[in-house]
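S.K.: requesting a structural model of the entry that follows:
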Amino acid sequence: MINFEEELKNFHPSLEIDEAEDAIYNQDLTDMADLLVNMIKDVKDAEN
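M.R.: Okay, the predicted model is just below:
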C-alpha cells in the first residue's frame with residue numbers, strides 16, 4: 001500500500017526552466033570527447 005503522507009514528505013518541486021538551465025550548464029561534466037582527448041594526451045606524454 002502506498003503511504004501518501006510519506007510520499008509527500010519526499011516530494012521536491014521541479015525547478016523552473018531558468019533554474020534548471022542554470023543547474024545543468026553550471027555542472028562540469030566530463031563527456032566521451034573529454035575522455036578521449038585526455039587519453040590521447042596521456043599517450044603522447046608517455047611517449048616523450
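S.K.: give me the mean pLDDT for the longest helix belonging to the chain.
M.R.: The longest helix of the chain (DSSP state H) is helix 32-47. For helix 32-47, the mean per-residue pLDDT is 93.
S.K.: specify the local secondary structure of the most centrally placed residue in the chain.
M.R.: With distances taken as CA atoms, centre = their mean, the residue of the chain nearest its centroid is L29 (5.7 Å). Under DSSP: H, G, I helix; E, B strand; the rest coil, L29 falls in the coil class.
S.K.: just to revisit the earlier point, quick check: buried residues in the longest helix of the chain?
M.R.: Burial within helix 32-47, assessed by neighbour count using 16 or more other CB atoms under 10 Å, is assigned to no residue. To be clear about C-beta, it is placed using only N, CA and C from the backbone, and glycine gets the same treatment.
S.K.: what's next to that helix, contact-wise?
M.R.: The set of residues external to helix 32-47 that reach it, using CB atoms under 8 Å, 6 or more residues apart in numbering, is empty.
S.K.: distance from that helix to the middle of the chain?
M.R.: Centroid separation for helix 32-47 versus its chain: 22 Å, with CA atoms, centre = their mean, to the nearest Å.
S.K.: with just CA atoms, put it into CSV.
M.R.: The C-alpha atoms that make up helix 32-47 are tabulated as CSV, following Å, rounded to 0.1, in the frame of the first residue of the first chain:
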residue,chain,number,x,y,z
MET,A,32,33.4,11.0,-24.1
ALA,A,33,35.2,13.6,-26.1
ASP,A,34,36.9,14.9,-23.0
LEU,A,35,37.9,11.4,-22.0
LEU,A,36,39.4,10.7,-25.5
VAL,A,37,41.3,13.9,-25.5
ASN,A,38,42.8,13.1,-22.1
MET,A,39,43.7,9.6,-23.1
ILE,A,40,45.5,10.8,-26.3
LYS,A,41,47.3,13.4,-24.3
ASP,A,42,48.4,10.8,-21.8
VAL,A,43,49.7,8.5,-24.5
LYS,A,44,51.6,11.3,-26.1
ASP,A,45,53.1,12.3,-22.8
ALA,A,46,54.1,8.7,-22.1
GLU,A,47,55.9,8.5,-25.4
